[in-house]
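Colleague: Predicted coordinates and the sequence they were generated for:
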Amino acid sequence: MVFRFKPEQDQELMRELIRLKPFAAKRGTTGSVWEAVAQGVSSAIGVQLNVKQVRDRLNLLKAKFKADELVSSRASGVEEALHAVNVQSHYDDLNGLVRDYIELERIHNDTKSAKKAAKEKKEEDLAICAAAIVDESNRRRSQ
């Protein structure tokens, strides 16, 4: 039998996703985090869900939200910022929950990218420093 999500169940799903943040799971623990999300939502709504159903529903909700935002921005001609809403007033609204999740995911990805860039910059600086030391050593030997 096919399970159809109701708006209240979607809200519960998004609350659980915001609480557990599966996008921020360490490598190797992602599956267990998604299992925990599926278990949490299942116990809250009283229907047994599996990880695939949860992930598919999340992807559908995100795609729908982004499509709605695109239509809205085209209609108004003004780009709406994700962070330009009152978080408390939108926490019970499905679009607000999806917006919060997307924003948390974006912040996590930006932080992860910044850390990676900083690490690469540090490695590059160390390589330049090592090359300078080798050049200085070679110059001294040749004298």
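Modeller: Happy to help now that I have it.

Colleague: Only C-alpha atoms from now on, for both contacts and neighbour counts.
Modeller: Noted.

Colleague: which ones are touching the spatially most central residue of the chain?
Modeller: Closest to where the C-alpha atoms of the chain average out (C-alpha atoms, centre = their mean) is Glu105, at 2.0 Å. Taking C-alpha atoms under 8 Å, 6 or more residues apart in numbering as the criterion, Glu105 is in contact with 23-24.

Colleague: Let's see the pLDDT reported for it.
Modeller: In this model, Glu105 is scored at 96, pLDDT.

Colleague: Now name the helix or strand holding it.
Modeller: Element membership for Glu105 (DSSP states H and E) is helix 94-142.

Colleague: Same question for Asp68.
Modeller: Using DSSP H and E, Asp68 falls in helix 51-76.

Colleague: Does Asp92 lie in a helix or a strand, and which?
Modeller: Going by DSSP H and E, Asp92 is not in any helix or strand.

Colleague: Please name the residues that touch it.
Modeller: Gln11.
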